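> sequence first, predicted coordinates after that:
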Protein chains: 2
Amino acid sequence: MSNATPLRPPAFRRSEPDARRADLIAATARVLAREGTGGTSVRAIAVEAGVSPGLVGHYFAGIDALVAATYAHVEHTVSEALDAAVAVAGPNPRARLDAFVTASFSPPIASGELLATWTAFWSLVRSRPDIARQHDEQYAAFRARLEALLAECGLPAARLRHAAIAITALVDGLWLELCLSPVGLSPEAFSADEAGAIARSVLDALISTGRSAG
Amino acid sequence: MSNATPLRPPAFRRSEPDARRADLIAATARVLAREGTGGTSVRAIAVEAGVSPGLVGHYFAGIDALVAATYAHVEHTVSEALDAAVAVAGPNPRARLDAFVTASFSPPIASGELLATWTAFWSLVRSRPDIARQHDEQYAAFRARLEALLAECGLPAARLRHAAIAITALVDGLWLELCLSPVGLSPEAFSADEAGAIARSVLDALISTGRSAG
DNA sequence: GCAGTTGTTGTACGACTGTCCAACAAGCTT
DNA sequence: AAGCTTGTTGGACAGTCGTACAACAACTGC
């Protein structure tokens, strides 16, 4: 007998709070992508993360808070992808703007898998003031970046706000429809390339109008 | 003793199937508006409609089918409101287009109460092929009407498709943000009037570009 | 090696979900 | 007035939901 108490592997591993939080958020994003809003529950997330269901409650006040944190994380990923696309576009202002909208309709941003995260979050905005505030902040940040890019292109300051709202809405609307109707499934659907071309042509129209008339 | 069997009012009233269907759909719309997506259940809808919960299953295959029917009905209402706005705008093509976008941001279309119906529907699109088809059809109809209005304005046929996609996305994006951030609650939020002005200025840019360049 | 800390487990709990169906009754037909 | 059709009821059903909590165990510091 070499060992009276057979040494078995640990039943679980401890994690640093931040790492575990990140794990749970990533698991939530995967479940939302795979199962959709309706199939996303505390238990499904716990299984996906390989932890006990009780742990979710230990790190997040509730399922709503977890969804909100997941939205914040996904939006952060999107922001980084957009910044990276703008950075590689070089110094030309218009090229940077084009890179911004093109990236908005390319993976990993334009992916039907992200849609459930957005709809789940939107469902909470109207009933939860704290989540409404989170939405406002993230929307404001998104619009501010677009305003900066438009300012670089020489758009007069007086038109910046409306132009940024317009392009944000245009990109959001195209992105939403792109996620809802992936090309190939429906005969009328437009492709990511088309969405980019459309957004760029609206940018053309807005910027040239601004220059000739303002 | 006037009556051995006291005559009591009927315990319930029968309805024509179509009328009852319409009642249930209207009740679903109200519950979605009041309680949000999360609070919308078969029982809540039955209470709102003043019927027994079992009746819901008698008329609709499931809660998903009822949500889809509610979406179809609300979108029909929206379409009629848009048509009415265009009709009263008179014969001038550009005035008709302006009326279209202005109405898109006015009651009863731009109302936060409608948002839950849309998010609930969007949540079903990716997992239910039949609902995806319904979305494609209603989106195509929406875009077709916009194409007709743009054609009246003299936009060349080659640019009609992209212009209609652009304006549809722009209006959708503005509408969504308008519902998510009612002006007054957030300092940066834009108003319905602003949304209309923004959409009309993009129309200006698109149409004038089309005329001068092609 | 032995506490002490605390991340983690697993389950119990009550409330709620969607679906189903046998019994009932409203209103039309005869 | 009696019968029939069928819209309607109301509860049963199995399942899932989110949350709470006592017990357990992995790791830290001693």
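Okay, I see it.

> burial count for the nearest residue to A:P182 once chain neighbours are set aside?
Nearest non-adjacent residue to A:P182, counting by CB to CB, 6 or more residues apart in numbering or on different chains: A:G112, 5.8 Å away. Backbone N, C-alpha and C define where each C-beta goes, glycine included. Neighbourhood size, A:G112 [other CB atoms under 10 Å in any protein chain shown]: 14.

> with A:L155 instead?
Look at A:L155: counted by other CB under 10 Å, it has 23 neighbours.

> quick one: secondary structure of it?
Here A:L155 is coil, with the state taken from DSSP: H, G, I helix; E, B strand; the rest coil.

> tell me if I'm right that it and A:A163 touch.
Yes. Using CB atoms under 8 Å, A:L155 makes contact with A:A163 at a distance of 5.7 Å.

> what strand or helix carries the most centrally placed residue in chain A?
Among the residues of chain A, A:E75 comes closest to the average C-alpha position under CA atoms, centre = their mean, at 3.4 Å. Following DSSP states H and E, the helix or strand that holds A:E75 is helix A:63-88.

> distance of the nearest residue to A:I167 once chain neighbours are set aside relative to A:F190?
Spatial nearest neighbour of A:I167, chain neighbours left out: A:L146 (5.6 Å); criterion: CB to CB, 6+ apart. Separation of A:L146 from A:F190 (CB to CB, to the nearest Å) stands at 22 Å.

> any idea of the mean pLDDT for the helix or strand hosting A:S201?
Secondary structure assignment for A:S201, by DSSP H and E: helix A:192-213. Helix A:192-213 carries an average pLDDT of 86.

> pLDDT below threshold where in chain A?
A:1-7, A:210-214 (pLDDT under 70).

> which residues of it lie near DNA strand D?
Chain A has residues A:10-14, A:39-44, A:53-54, A:56-58, A:61-64 near DNA strand D, with proximity defined as CB under 7 Å from any atom of the strand.

> what residues are up against A:E177?
Contacts for A:E177 (CB atoms under 8 Å, 6 or more residues apart in numbering or on different chains) come out as A:F190, B:Y139, B:I165, B:T168, B:A169, B:D172.

> how about CSV for those residues, with distance to A:G90 and neighbour count added?
What follows is those, written out as CSV (distance: CB to CB, whole Å; neighbours: other CB atoms under 10 Å in any protein chain shown):
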residue, distance to A:G90, neighbour count
A:F190, 28, 21
B:Y139, 36, 19
B:I165, 29, 24
B:T168, 32, 20
B:A169, 28, 26
B:D172, 32, 21
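
> DNA strand D: which of those is nearest?
B:D172 (28.8 Å; CB to the nearest atom of the strand).

> which residue ranges of chain A form helices?
In chain A, the segments counted as helices under DSSP state H are A:17-35, A:42-49, A:53-59, A:63-88, A:93-104, A:112-125, A:129-152, A:157-180, A:192-213.

> how much space separates the closest residue to A:S106 other than its chain neighbours from DNA strand C?
Sequence neighbours aside, A:A192 is the residue nearest to A:S106 in space, at 6.2 Å (criterion: CB to CB, 6+ apart). Noted for A:A192: a distance of 35 Å to DNA strand C, by CB to the nearest atom of the strand, to the nearest Å.

> equivalent analysis for A:V42, please.
Relative to DNA strand C, A:V42 is positioned 9 Å away (CB to the nearest atom of the strand).

> rewinding a little: what is the burial count for the residue nearest to A:I167?
22.

> report the contact partners of it.
Per CB under 8 Å, 6+ apart, neighbours of A:L146: A:F100, A:A164, A:I167, A:T168.

> repeat for A:V183
Residues in contact with A:V183 (CB under 8 Å, 6+ apart) are A:A189, A:F190, A:S191, A:A192.

> what sits against the closest residue to A:T77 other than its chain neighbours?
Closest residue in space to A:T77, ignoring its immediate chain neighbours: A:P108 at 7.2 Å, by CB to CB, 6+ apart. Taking CB under 8 Å, 6+ apart, we find A:P108 in contact with A:T77, A:V78, A:A81, A:L114.

> would you agree the third one is in contact with A:I109?
In other words, A:A81. Yes. Using CB under 8 Å, A:A81 is in contact with A:I109, at 5.7 Å.
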